[in-house]
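**Student:** after the sequence you'll find the predicted model.
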Amino acid sequence: MTGDALDTPSAELNLNHADFAPRDIKTAIIKAGGAPIILPFPDDVTLSAELAEAAVTTFDGLLLPGGPDVDPTLYGEEPGRNIGSVTYPKDRFEQALIKATVAAGKPIFAICRGLQILNVTLGGTLYQDLASQDPDATIRHVQAAPGQYPTHHVTVKAGSQLAKLVGEHAYVNSRHHEAIKKVAPGLQIIATAPDGVIEAVADTRDQQILAVQWHPENLWQQDAAQLRPFTLLVKRAAAVRTAQAFVAQPKVS
């Protein structure tokens, strides 16, 4: 999974710009049977593609976690007055990783910001701020309740992989003010909130990419179904590893 970085020195370790990743996601991956690897982004964006190509050989599946807002210039817009903090080097590295992972045929699971940068990378756009840009977004998507509590429902596409994991009606948490506006080519909508905001997408074959707008890493401890997307990622990653090992076997004459 991709990492983040502190903008200020860490008091505990006296490190400038220490790299980190969400502990709840790391724990969920381990619980699902996987081994998490944290991929820090380079400060020099010119190295993003090179490092992504190297990194994709070290993992079997990519997890894109939540985090700061996505730089709107990446989808052809200037930042509006309500855009939050952005981390341009992180955006560029994740874009390079997404492209390399898709090309390698490896699975992707994306959460919140991860869904957003995935959609942008594949050619979609975002609402920079739902409350001011989407008049139909009538429910609260930036919850006041603690993050481990669900606050609104989503309707999941019947027959989709996500419906098999969490059901056709799920109760989820919500901590975002950006959201998908135009869905990228190659992706399909598989879940929506009651007000129509897009809550999950998958690739059109529903076999490689799964992305959700909520935070299942904060819910699975009380709702076992929310661990299943992590389990699916690990399962898909294991299948890729097995297939690649089979192809790599030397032929016996």
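**Tutor:** It's in. None of the values given here were measured: they were computed from a predicted structure.

**Student:** isn't there a helix covering T138?
**Tutor:** No. Assigned with DSSP: H, G, I helix; E, B strand; the rest coil, T138 falls outside any helix and is coil.

**Student:** now it: closest residue in space that isn't a chain neighbour?
**Tutor:** Leaving aside its sequence neighbours, T138 sits nearest to D195 (Cβ to Cβ, 6 or more residues apart in numbering; 4.7 Å). Where you see a C-beta, it was placed from the backbone N, CA and C, and this is true even at glycine.

**Student:** so what's that neighbour up against?
**Tutor:** Applying Cβ atoms under 8 Å, 6 or more residues apart in numbering to D195 gives the contacts D136, A137, T138, I139.

**Student:** name the secondary structure element that contains it.
**Tutor:** When elements are assigned from DSSP states H and E, D195 belongs to no helix and no strand.

**Student:** swap in A184?
**Tutor:** If you go by DSSP H and E, A184 is not part of any helix or strand.

**Student:** give the contact list for it.
**Tutor:** Contacts of A184 (Cβ under 8 Å, 6+ apart): L118, N119, V120, T121, L122, G123, G124.

**Student:** out of these, who's the most crowded?
**Tutor:** When neighbours are counted by other Cβ atoms under 10 Å, L118 leads these with 28 neighbours.

**Student:** doesn't that one belong to a helix?
**Tutor:** Yes. Assessed by three-state DSSP, L118 belongs to a helix.

**Student:** how close does it get to K31?
**Tutor:** From L118 across to K31, the span is 23 Å (Cβ to Cβ, to the nearest Å).

**Student:** any chance you could map the strands in the stretch 151-253 of the chain?
**Tutor:** For the stretch 151-253 of the chain, applying DSSP state E, counting those that start in this stretch gives strands covering 152-156, 169-172, 179-180, 187-192, 198-203, 209-212.
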